[in-house]
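Q: Dropping a prediction and its sequence here:
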Amino acid sequence: AADKINLIPQDFFAELCEQIIQHLNHKIPGVDIAELCQRIQASGIDINVGELAKLANAVSFLFSTAARNNLSTEDLVATLGSAATALPKHAVQVIRHVWNEQGKSVSASEDARSMATVGQFVDMKWKLGVAMSSDTCRSLKYPYVTVTLKVADPSGQITNKSFEMTIPQFKNFFRQFKEMAAVLETV
């Protein structure tokens, strides 16, 4: 992951670090790697989502380890300087700045973070479609609902999960949501 830091402009790396810190502080559900990667690629940088995700995991591990060990900014920078594969100067400057500004808040929230083992709902999109025909059937006229859930996994990676439902399946899905809403009203 360290070699990919050289490719990423300082402003994008700073944004990635800020989002990771916000995630570790439970201010946002996760880091949307795909969206950030698209913007980096649009600026002319050749990097894929997998490479950026590895880099994000490494930075997240760095910040959470520093939080668990209550490292000061100077200790963190000294540790980075003594690493076998030295980070580029601009990356160390960004890490120093972000940790100096927000590192204490991560240290305070890291205990609660270790308990989170399930993903977090971010957003949901749906659409109603009708399959008109196929190569085996000329007249289907088959309605369906497509649902896309945006979920942040425990590490903070945001992913989309899509599925389709028939109308009877959707009605059952809706009924279960109404039941959940009714139970929540009693709490």
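A: All right, it came through fine. Numbers count the residues shown, from 1 in each chain.

Q: tell me how far the ends of stretch 127-141 are from each other?
A: 16 Å (Cα to Cα, to the nearest Å).

Q: Just list what the lowest-mean-pLDDT helix or strand in the chain packs against, helices and strands only.
A: Taking mean pLDDT, DSSP states H and E as the measure, the helix or strand of the chain with the lowest value is helix 2-5, at a mean of 74. In terms of contacts (3 or more Cβ pairs under 8 Å, 6 or more residues apart in numbering; DSSP states H and E), helix 2-5 is packed against helix 49-68. For the C-beta atoms, the positions are set from N, CA and C on the backbone; glycine is no exception.

Q: which residues are contacting the helix it packs on?
A: 1-2, 4-5, 8, 16-17, 20-21, 23-24, 31, 33-34, 36-37, 40, 75-76, 79-80, 95, 99, 103, 106-107, 110, 113, 155-157 (Cβ atoms under 8 Å, 6 or more residues apart in numbering).

Q: Relative to the whole chain's centre, how far out is the least confident helix or strand of the chain?
A: Per Cα atoms, centre = their mean, to the nearest Å, the displacement of helix 2-5 from the mean C-alpha position of its chain is 19 Å.

Q: Would you mark the buried spots in the top helix by length along the chain?
A: Counting by DSSP state H, the longest helix found in the chain is helix 89-113. Of the residues in helix 89-113, 90-92, 94-96, 98-99, 102-103, 105-107, 110, 113 count as buried by neighbour count, 16 or more other Cβ atoms under 10 Å.

Q: hmm, back to that, would you mind checking the contacts of helix 49-68 for buried ones?
A: Using 16+ other Cβ under 10 Å as the burial test, those include 1, 4-5, 8, 16-17, 20-21, 23-24, 31, 33, 36-37, 40, 76, 80, 95, 99, 103, 106-107, 110, 113, 155-157 as buried.

Q: Which residue ranges of this protein form helices?
A: Using DSSP H, the helices of the chain run over residues 2-5, 10-24, 33-42, 49-68, 73-81, 89-113, 167-186.

Q: Would you reformat those helices as a markdown table and include distance to Gly129?
A: A markdown table is the format used below for those (distance: least, Cβ to Cβ, whole Å):
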| stretch | distance to Gly129 |
| --- | --- |
| helix 2-5 | 39 |
| helix 10-24 | 34 |
| helix 33-42 | 23 |
| helix 49-68 | 27 |
| helix 73-81 | 51 |
| helix 89-113 | 39 |
| helix 167-186 | 11 |
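
Q: These: which one's closest to Tyr142?
A: Across those, Tyr142 has its closest neighbour in helix 167-186 (9.2 Å, Cβ to Cβ).

Q: could you dump that closest one to CSV, C-alpha only?
A: What follows is helix 167-186, C-alpha atoms only, in CSV (Å, rounded to 0.1, in the frame of the first residue of the first chain):
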residue,chain,number,x,y,z
ILE,A,167,-44.4,-8.4,-5.8
PRO,A,168,-45.4,-11.1,-3.2
GLN,A,169,-41.9,-11.1,-1.8
PHE,A,170,-42.0,-7.3,-1.6
LYS,A,171,-45.3,-7.3,0.1
ASN,A,172,-43.9,-9.7,2.8
PHE,A,173,-40.8,-7.4,3.1
PHE,A,174,-43.0,-4.4,3.5
ARG,A,175,-45.2,-6.2,6.1
GLN,A,176,-42.1,-7.1,8.1
PHE,A,177,-40.9,-3.4,8.1
LYS,A,178,-44.3,-2.3,9.3
GLU,A,179,-44.0,-4.9,12.2
MET,A,180,-40.6,-3.5,13.1
ALA,A,181,-41.9,0.1,13.0
ALA,A,182,-44.8,-1.0,15.3
VAL,A,183,-42.4,-2.6,17.8
LEU,A,184,-40.2,0.5,17.7
GLU,A,185,-43.2,2.7,18.6
THR,A,186,-43.5,0.7,21.8
